[in-house]
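**Student:** quick one, structure for this:
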Amino acid sequence: MNIARKLGITDANPAQLEAITHEGRDPVLVLAGPGSGKTYVITQRIRYLTEIENVSPEKILVLTFTREAAASMKERYLNFSNVKQSNVSQPVKQSDVSQNSQTVNFGTFHSIFYQVLKQSTNFQERQMLTDREKRNLLLPVINQLLPNCSDVWQNNYALQAISAISYYKNSGKRKEATMRLPVELQEIFEGIFTGYERERIKRGKYDYDDLLTDTKRLLSEGSEIRRYWQSRFEHVLIDEFQDVNPAQYEVIRLLAPPPKAVFAVGDDDQSIYGFRGADPDCMRRFAEEYDARRITLRVNYRSRPEIVKASLKMISENKNRFVKKLLSSQELEMEKCKNFLGGMKTIAIRGYQSREEELQGLREACTDFLKKNGEAEPGSNALPKKLAILFRTNRLMGRAALQLRQAGIPHEMREKTENPYFHETALDVLSYLKLAVGEGTPEDLIRIINKPSRFVSREMLSACRMTKGTKDGMAFLEQLADQLEMQRGDVAEKLKILKKQLQIAGKYSAFPLVNYLRRVIGYDRWLSDVSYGFADRTEESKEILEWLTKEAMMHADVRKWISVWGAENAERDQSIEGKRERIILMTVHASKGLEFDKVLIPHCNERIFPHGNMQEPAVTEEERRLFYVAMTRAKEELELTYVAGSKDRPEIPSRFLKNII
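**Tutor:** Numbering: from 1, shown residues only. The predicted structure is shown next:
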């Protein structure tokens, strides 16, 4: 208590105070539930080390995952501490870890790796590869291994290979990295990785993940360098420890081996970055290998008791986790809690017959929220209340944003999202629509001429002698068929069939036209064929097709529907930056660390949330953690919606809704 008074700490709960004032150099694992004040604990812990235990600031290393988090933590520490305030506004830079530092070292994992390499080797920042350079390194490697693959697919394969290589470098799990690729790439992943590394090293280049792998190699192999860096830091504090991947954990062990004073703060229940290689098992390894003292921050200062209890009940279904007993701060003041909760339902679960009804319910919820929660009173310190709509995928967010915009409901998006009208599949449908009603261009024909395949090669298209300046796609189709009649009669016949199909389709209204395209022309069948091995892409394209088919019901006139694409194109380039609306749309991943007065989570159905088939228990557990993060962003109200479907096409509510309330 005397120590707390000396530091001026008057508002810490017992668990927070225990973590802040932990004596000695024993390793500590702080399990910090949602809204439990982990950043406050870390910043006050630094003060305790420097002001009570007289640890030299330059001997303290604070690691986190983003520059913004590092800068925020540094600013909070400086505001709390006796350090000169003139430094508060200085941003965290790569050079914060310097040989002559006189302050605490704040930085991201990669900024620290960068400094280790820079100060220990001849590493230069100009050696870092851009995304374009990585792709250009991979294309000839893939071309050598798959010589008959088209340019378009080679480019797609290169992008997927970059992601798999990154996962492998961060996790060290070759098998799991390989399984992330389509079947045709899985057998040659070793060749792809070896070829990429060969070309990268030949050019003396690094990719972002090499900062990690090369730092690990340097510290593992160079005993003198390792001893130097181990002596640099007496205390290492790590924020968001649940997001550490196995390779990062190994570097931590090299920088600060057991039983060195590592103060790790995190929540395994909020580990949601498995696609980047993050592994909550690193927390369990740390607890065992460092024999770390465990402290749990149990009090949630963010959410109402019902939200805390429901989210904890849901996440408790996970088996591979640290068991925690959490409670809302309002439960500590029962009388206040009773008064506070009067007359308001905190959690609501709503089912709808169709996706359209669910979107309508979403619009109504936004309108109702804005109506009930007016702007803050003039002169009041209170901020206007905010509603966040959290989505499992960026694609789902794009569709909802389109609905809100068309309804004139002001909203903000903090991530770039693709308007569903400009998805690759939607643009294919648009080209078919335009050709069917006589508005198509040669570019529209080229876009769909092999969807489904009609065996029209690039050389055939290039050889077609079009009348100069023509803009008529159907005229291009006729001329192409005529010129191929003698050389490739089989291809010409397929083009004549396409012409007849387009003429028939042009007589239909929007809804039967789209169905004709899908069933008779064979777009659905083609999509399944070309997407073999790309389960996510197939699912995404089919979802877009279903959405467009339902949209077509509301746009009988095909030409008027085509004009919608033009109107959306005008909206497409309007910047959303700078807008600060009270309704915010974002993915769950982007919401991590944020809080909102009300949270609405739509699409709580199997295959959406949780995403995919959920055959692996580990994947199911991460999806559950993601749902937990979404629920615990809510302070006052939480609304969960799902689609029940019809008797003919039933939908399954998410397993995560079971036993919530």
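
**Student:** and the strands in the stretch 151-300 of the chain?
**Tutor:** 235-238, 261-266, 293-297, 299-300 (DSSP state E, counting those that start in this stretch).

**Student:** mind checking how far the shortest one is from the chain centre?
**Tutor:** What it means is strand 299-300. 26 Å (CA atoms, centre = their mean, to the nearest Å).

**Student:** what lines up beside it in the sheet?
**Tutor:** In the sheet, strand 299-300 lines up against strand 327-328 (parallel) (DSSP bridges).

**Student:** what does the second one give?
**Tutor:** Sheet neighbours of strand 261-266, with direction, are listed as strand 28-32 (parallel), strand 235-238 (parallel) (DSSP bridges).

**Student:** still on that earlier bit, let's have the strands of the stretch 151-300 of the chain in a markdown table, adding distance to residue 363.
**Tutor:** Yep, even glycine has a C-beta here, placed from its N, CA and C like the rest. Below are the strands of the stretch 151-300 of the chain laid out as a markdown table (distance: least, CB to CB, whole Å):
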| stretch | distance to residue 363 |
| --- | --- |
| strand 235-238 | 43 |
| strand 261-266 | 37 |
| strand 293-297 | 38 |
| strand 299-300 | 31 |
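
**Student:** in JSON lines: those strands, plus distance to residue 388, mean neighbour count and mean pLDDT.
**Tutor:** Converted to JSON lines, those look like this (distance: least, CB to CB, whole Å; neighbours: other CB atoms under 10 Å; pLDDT from 0 to 100):
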{"stretch": "strand 235-238", "distance to residue 388": "28", "mean neighbour count": "24", "mean pLDDT": "96"}
{"stretch": "strand 261-266", "distance to residue 388": "23", "mean neighbour count": "24", "mean pLDDT": "96"}
{"stretch": "strand 293-297", "distance to residue 388": "23", "mean neighbour count": "18", "mean pLDDT": "96"}
{"stretch": "strand 299-300", "distance to residue 388": "17", "mean neighbour count": "24", "mean pLDDT": "95"}
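
**Student:** between the ones you listed, which one is closest to residue 477.
**Tutor:** Residue 477 lies closest to strand 261-266 among the strands of the stretch 151-300 of the chain, at 59.9 Å (CB to CB).

**Student:** so which residues make contact with that closest one?
**Tutor:** 22, 24-32, 38, 41-42, 45, 234-244, 252, 256, 283, 286, 290, 292 (CB atoms under 8 Å, 6 or more residues apart in numbering).

**Student:** do the same with stretch 47-63
**Tutor:** 3, 6-7, 20-21, 23, 42, 46, 70, 73-74, 77, 80-82, 97, 101-109, 112, 232-239, 255.

**Student:** what's the end-to-end length of it?
**Tutor:** Distance across stretch 47-63, first residue to last, is 16 Å (CA to CA, to the nearest Å).

**Student:** now that stretch: buried residues?
**Tutor:** The neighbour-count check on stretch 47-63 (16 or more other CB atoms under 10 Å) flags 47-51, 55, 57-63 as buried.

**Student:** what do you get for stretch 489-509?
**Tutor:** Result for stretch 489-509 [16+ other CB under 10 Å]: buried residues 491, 492, 494, 495, 498, 499, 501, 502, 505, 508.

**Student:** and stretch 24-42, by the same measure?
**Tutor:** 27-42.

**Student:** picking up where we left off before, among the contacts of stretch 47-63, name the buried ones.
**Tutor:** Judged by 16+ other CB under 10 Å, buried ones among the contacts of stretch 47-63: 7, 20-21, 42, 46, 70, 73-74, 77, 80-81, 97, 101, 103-109, 112, 232-239, 255.

**Student:** which strands and helices lie in contact with the lengthiest helix in the chain?
**Tutor:** As assigned by DSSP state H, the longest helix anywhere in the chain is helix 151-171. Judged by 3 or more CB pairs under 8 Å, 6 or more residues apart in numbering; DSSP states H and E, helix 151-171 is in contact with helix 131-145, helix 174-179, helix 183-186, helix 189-202, helix 210-221, helix 246-255.

**Student:** pLDDT weak spots in the stretch 51-200 of the chain?
**Tutor:** Along the stretch 51-200 of the chain, the model assigns pLDDT under 70 to residues 82-102, 125, 148-153.

**Student:** kindly recompute the last result at 80.
**Tutor:** 80-102, 122-127, 147-156, 182-184 (pLDDT under 80).

**Student:** same check on the stretch 501-650 of the chain?
**Tutor:** Those would be 528-540, 543, 554, 566-580, 612-615, 648-649, if you go by pLDDT under 80 across the stretch 501-650 of the chain.

**Student:** farthest pair within the buried residues of stretch 47-63?
**Tutor:** 51 and 63 (21.3 Å).

**Student:** closest to residue 279 out of the buried residues of stretch 24-42?
**Tutor:** Looking across these and measuring by CB to CB, the closest to residue 279 is residue 29, at 15.4 Å.

**Student:** measure residue 288 to residue 136 for me?
**Tutor:** According to CB to CB, to the nearest Å, residue 288 and residue 136 sit 44 Å apart.

**Student:** the more surrounded of the two?
**Tutor:** Per other CB atoms under 10 Å, whichever of residue 288 and residue 136 has more neighbours is residue 136, with 13 against 10.

**Student:** state the distance from that one to residue 129.
**Tutor:** 9 Å.

**Student:** then residue 237?
**Tutor:** 31 Å.

**Student:** what helix or strand is residue 357 located in?
**Tutor:** Residue 357 belongs to helix 355-372 when elements are defined using DSSP states H and E.

**Student:** following element in sequence after that helix, please.
**Tutor:** Beyond helix 355-372 toward the C-terminal end (DSSP H and E), the next one is strand 387-391.

**Student:** just checking, what packs against that next one?
**Tutor:** Using 3+ CB pairs under 8 Å, 6+ apart: strand 387-391 touches helix 355-372, helix 394-406, strand 583-587, helix 588-591, strand 596-601.

**Student:** next, the angle from it to helix 355-372.
**Tutor:** On the basis of axes from the mean of the first three to the mean of the last three CA atoms, to 10 degrees, strand 387-391 is oriented at 160 degrees to helix 355-372.

**Student:** need the buried residues of stretch 489-509 in a markdown table with distance to residue 187 and secondary structure, can you?
**Tutor:** Formatted as a markdown table, the buried residues of stretch 489-509 follow (distance: CB to CB, whole Å; DSSP: H, G, I helix; E, B strand; the rest coil):
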| residue | distance to residue 187 | secondary structure |
| --- | --- | --- |
| 491 | 32 | helix |
| 492 | 38 | helix |
| 494 | 33 | helix |
| 495 | 36 | helix |
| 498 | 36 | helix |
| 499 | 41 | helix |
| 501 | 38 | helix |
| 502 | 40 | helix |
| 505 | 41 | helix |
| 508 | 44 | coil |
